[in-house]
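> Sequence first, then the predicted structure, then my questions.
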Amino acid sequence: MTLRTLLLSGILIIGSLSLHARQSVSITGYVRDAKTGETLISANVALIEINRGGATNAQGYYSIQNVEPGTYTIAGSYIGYDLFTQEITLERGQNLRFDIELVPDVFEGDEIIVESEAERQELKSIGTAQVKTELIKALPAIFEADVFRSIQYLPGVKSASDFSSGLYIRGGSPDQTLIMLDQTTVYNPSHFFGFFSTFNPDAIKDVRLFKGGYPAEYGGRLGSVLSVYNKDGNRNNYQGSVTLGMLASRVAIEGPIKKGSFMLAARRSTLEPLLSALRQSNDNIPSLFYFYDFNGKINYDASLNDKFSLAFYSGADKVRFPFADDAEFTLNYGNQTVSGNWTHIFSDKVFSNFVITGSRYFNFPEFEFGGTPFERDNNIYDFSIKSDLEYLPNEKHLIATGVWAGVFTLRLQDRFDNQDSFSSRIHSRYASYYLQDTWRPTEQWKVIGGIRANYFSDGDYLRLEPRLSAEYFATDRFTLQAAYGRYNQFFTLITNEAFSGFDLWLTADEGIRPAFGDQFVLGAKTVPFKDYGLDIELYYRTMNDLFELDPFLPDAAGLLYEDLFRIGEGYAYGTEIMFEKRVGRLNGYIGYTFGYTWRKWPTFNVAIGDESQTARFYPPKYDRRNDVKIILNYELSRKWKFTGAWVYATGQAYTEATGRYAVYDTPWSAINQNNLLVVENVNASRLPNYHRADVSFSRSGTFFGLGEAELQLQVINIYSRRNVWFTQIDFEENPVSRTDVTLLPIIPAISYTVKF
Amino acid sequence: MMKAYLLTLIALFTVLSACEVYEQDSYEEYYVVESYLVANRQLPQVRVSTTAPVNDFYAFSRSAIADAQVQIRLLDTSGSSIEEVFTYTSDSAGIYQPMDTHDVLPTRSYQLYVTIPTTSAEITATTVVPDTFKVISTVLDTLVYQSTEQLEITVSESSYPGRQNIFIFNTIALDPDPAMLTPIYADFLEDEIVTLDELTNTESGLLNAANFTVNQDQSITIRYPWIAVAFYGDNKLIATTIDDNVYDFVRSESVQLGGSTLSPGEIQNVITHVEGGLGIFGSLASDTIQTYIKPFEF
């Protein structure tokens, strides 16, 4: 089946359904924040008398179809907002456009917050999680509020170390998560070599994470999808904020324009004074070290049914480090994205969204070492067009279909001693098409079935991915869920968990098949008590044809592309339990994950003496058996808030060498004795268990009457637990000595934000 | 309802706690061999020893095997049967010397065969010796450090079966006086990042032949980077091509304690191609030139 056949069949299905659609009353519209005009994703809209409704889509749009004429109470709700209700009368043949504005609840008291059932259901879709911007800003963070580090607090999501914001989700490596900003792929979303993510919390409206079993509308990665949406900007008033922090400071401004809004946010590190002071007493301090990013978005509502927006992001990290006489290291890396979006409502039954995206990742490290320069130019350009269509033939079906096609270009050029040493240009075309039906045969059942076809020009690969999920709403407090999906990945990330500044993406090609895997998820979402939730998910996933740069490859010059890689496999399984209190003065959650993840690579972890060289499965470093996360928010008073986080995890896997030997006569080496270790099983030992508590106190007030202000005081690792990152073996001592390399000690942080 | 929760949780833990067990094995002793054939040179010595527990004091003399039977066998051109056997005798504990004289033949296969009578252990390893080559360009007697005129050497055509040639370059200072160090290495020595001994003989790491310019006559011209020069004065430059065993040994050894894309602490065994034990039986071909490096004068 070709891509064209699939496209045609999708169009035909929609066409035939349109013919059968009957005249009926419908209500459609956007749900917005009354204060800012921001559209709200997954807000709930319902006609109370007939218990019919739905959730808004990613553009904040809802549609209720096939309603009998009459008078109803329409209700709109979203967590953190007052309940909206209004009586409406629907007349025969009428298609009512009814936009809803929800008023934010600023007090967040028990009695005012209304939990949206549809929103709860949407957020509780299998494998799905949402991180609120407020939580991102409230959580104690190492120097700077950070989207990825907030996500790391979710069950099923793990970090490699305190130094890394990389997301290891359900046993997958960071490249198995598709990261999108306003539907544009971001290839290296990190600052400070992986310490922070690039997403400025001031610019973010919504963060959605599909941990696994995700639906057909997404694709391209084996594991998960993280979708980040920029704010649209306040459509009613001009407002802004300035935040001064220890590591970085931020400024944001937003406001209305004619028929629309804009948002601009900027962030820059402010380490220069500290570096300057350190340079007085220490030679090994970079002479230049900063990062910055800009986010912006302009919205224009051309008509009631046509909305346009243009969003951009630009960020970079720059370092210059003269680390010895006649030796210097410089690095300049970053990302730029742009996306133009057109949302068009064809009719009350057909909603569409068209996006043009552009994404660039660049990375230019340079070493000048004793008169010998090494330079790398690494550029990724990804330009794509994307179209999504939602069609509601009746109240039982929501058919979604879409295409995504683009051109991916990777340019990699290495120069050593002023001569080209490696040059590669990968120019790939990719396309995908999906067709998905959300079917509600009864009020108790919701079934989402879909298929996705992916095409990748390098190697001429066409891959089909069936997806299926089912939810059974047994009672209003108990939902059972199951999902299956096939996933393919055409890209692999070359990185190091300790340093993401040199990140490099490579693609499938002839001889390098795309990686693929299956995911099976079972879940139960329950409400044991009012305002509480207890969710359980079990997952099992396979990973086949995993391809990654051979870590033992010293030099790529002259090798065939396929010889650069090792091809492996893996699988992961586990369970996640989340007990949460969603609302109230005291809210938060306890998350627990029990998981296994395994990998196998040819000739790696082979038993000594095994002549057949049979590789054995081993747990990668980020495999953690038990993982507990506790997040608590407590409103101490109207001015003071407390947020605390405690994390406990089984120690990371590492290799404990059992034996040693030495070679002495190596003709190419001046070292008289080359010491070597003997390993029986790779990563079969565990570091000491990891745990850490972080606290944050924030006080809101005013800044000399000019605007609202917030002072945030945070302490990371409050009891200064010296968690071990890895153990270093030193052969200078005989017997060998071991040194534990530890993670972050206690770190206080302070920030001050003024809103105007 | 609570009962249902409890039962579900208990069922979950029962299923999951029965999952796979993967534990570290205890120490096991292995035999270790070490020898390097150099094309057109006499047969080398062979070391035979054992591994030691990682936390024990290690010395070769403690681990040496004194009673091994050691042979190096020249295989026929097909590499399948033995053409000639060279017997070794113990020189000092664990170190064995050839009893016969024999110049190692380039492009031919050799097998190391070691038996330990006391345990009946048998250790074997095979190498294919790289083809020889010569430095065929005229090398300047004197070069000025970091001047635009860099050292270029052209080496004659040579080959290795099944792949391109892989080189290692060594720069050996003939007058390793700390006062003669180039600025960057002087700084490293001052900061105790390296020792003077380590700087006396610097190595390039593994470099594929495709890095260099291939001339019409298939010779290769190599531009020698200034980074390789640690000392002013007389320096010997050695170009070496290596066999698969040395290649695998060096590339895996260099990341055993970290680096590359491996996570810190994810240690793996060095690739040895030794059956019945560990170590290396490798081969190489090399040629040497000499030049004088003068400091740059402003």
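Here it is on my side, so go on.
> Let me see the contact set for residue B:190.
By C-beta atoms under 8 Å, 6 or more residues apart in numbering or on different chains, the contact list for residue B:190 is empty. Heads up, the C-betas are built off the backbone N, CA and C, glycines and all.
> Backbone dihedrals for it, please?
The phi/psi pair for residue B:190 (degrees, to the nearest 10) reads phi -60, psi -40.
> Could I get the contacting residues of residue B:255?
With contact set as C-beta under 8 Å, 6+ apart, residue B:255 has these partners: A:551-552, B:262.
> Show me which residues of the stretch 51-200 of chain B sit near chain A.
B:51-60, B:63, B:145-146, B:150, B:164, B:166, B:168, B:170, B:172, B:182-188, B:191, B:197-198, B:200 (C-beta under 8 Å from any C-beta of the partner chain).
> Which ones among those residues map onto helices?
B:60, B:63, B:183-188, B:197-198, B:200 (DSSP state H).
> State the pair within those that is farthest apart.
Across these, the longest distance by C-beta to C-beta is 41.4 Å; it joins B:63 and B:183.
> quick one, domains of chain B?
As assigned by automatic domain parsing, chain B contains the domains B:31-128, B:142-269+B:284-294.
> What is the linear distance spanned by the last one between its boundary residues?
Pointing back at domain B:142-269+B:284-294 there. The first and last residues of domain B:142-269+B:284-294 sit 7 Å apart, counting by C-alpha to C-alpha, to the nearest Å.
> next one: stretch B:260-271
16 Å.
> before we move on, back to that, tabulate the contacts of residue B:255 in JSON lines, adding columns for distance to residue A:616 and neighbour count.
Shown next, in JSON lines, are those (distance: C-beta to C-beta, whole Å; neighbours: other C-beta atoms under 10 Å in any protein chain shown):
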{"residue": "A:551", "distance to residue A:616": "17", "neighbour count": "20"}
{"residue": "A:552", "distance to residue A:616": "17", "neighbour count": "22"}
{"residue": "B:262", "distance to residue A:616": "17", "neighbour count": "21"}
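> Disregarding flanking residues, what is the spatial nearest neighbour of the residue in the stretch 601-750 of chain A positioned nearest to chain B?
Nearest residue of the stretch 601-750 of chain A to chain B, counting by C-beta to the nearest C-beta: residue A:670, 3.1 Å away. Distances taken as C-beta to C-beta, 6 or more residues apart in numbering or on different chains put residue B:201 closest to residue A:670, at 3.1 Å, once the chain neighbours are dropped.
> how far away is the one you found from residue A:663?
Residue B:201 sits 16 Å away from residue A:663, going by C-beta to C-beta, to the nearest Å.
> Neighbour count: those two, which is higher?
Applying other C-beta atoms under 10 Å in any protein chain shown to residue B:201 and residue A:663 shows that residue A:663 carries more neighbours, namely 27 against 18.
> Run through the bridge partners of that one.
Here residue A:663 sits in beta bridges with residue A:674, going by DSSP bridges.
> pLDDT at the residue nearest to residue B:249 when sequence neighbours are not counted, what is it?
In space, and not counting its chain neighbours, residue B:249 is closest to residue B:280: 4.9 Å by C-beta to C-beta, 6+ apart. Note on residue B:280: pLDDT of 97.
> helix/strand/coil for residue B:280?
strand (DSSP: H, G, I helix; E, B strand; the rest coil).
> one step back: select from the domains of chain B the stretch with the lowest mean pLDDT.
domain B:142-269+B:284-294 - the lowest mean pLDDT of the domains of chain B, at a mean of 91.
> And residue A:360, how close does it get to chain B?
Distance, residue A:360 to chain B, using C-beta to the nearest C-beta, to the nearest Å: 23 Å.
> Repeat that for residue A:175.
Taken as C-beta to the nearest C-beta, the span from residue A:175 to chain B is 11 Å.
> And for residue A:66?
Note on residue A:66: its distance to chain B, by C-beta to the nearest C-beta, is 35 Å.
> Kindly report the same for residue A:264.
38 Å.
> Pairing-wise in the sheet, spell out the partners of that residue.
residue A:253, residue A:296.
> can you count the residues close to it?
19.
> Settle it for me: which of residue B:63 and residue B:183 has more neighbours?
Between residue B:63 and residue B:183, counted using other C-beta under 10 Å, the more crowded position is residue B:63 (22 against 17).
> now the more buried one, nearest residue through space, not along the chain?
Spatial nearest neighbour of residue B:63, chain neighbours left out: residue B:49 (4.2 Å); criterion: C-beta to C-beta, 6+ apart.
> surely that neighbour meets residue B:30?
No - between residue B:49 and residue B:30 there is no contact under C-beta atoms under 8 Å: 9.9 Å.
> Mutual contacts of the two, please.
Joint contacts of residue B:49 and residue B:30 (C-beta under 8 Å, 6+ apart) are residue A:661.
> and the residue nearest to residue B:249, how many neighbours?
29.
> what residues are up against it?
Here residue B:280 is in contact with A:663, B:33-36, B:125, B:245-246, B:249, B:272-274 (C-beta under 8 Å, 6+ apart).
> Bridged to it, which residues?
On the basis of DSSP bridges, residue B:280 is bridged to residue B:34.
> Next: residue A:456.
Residue A:456 has these beta-bridge partners by DSSP bridges: residue A:430, residue A:461.
> Setting aside sequence neighbours, what's the nearest residue to residue A:558?
Using C-beta to C-beta, 6+ apart, the closest residue to residue A:558 is residue B:210 (2.4 Å).
> ok but the one you found is inside a strand, no?
No - Residue B:210 sits outside any strand when classified using three-state DSSP, being helix.
> From residue A:309, how far off is it?
Residue B:210 is 48 Å from residue A:309, by C-beta to C-beta.
> First residue to last residue on stretch A:252-272, what's the distance there?
22 Å.
> should've said stretch A:292-311
17 Å.
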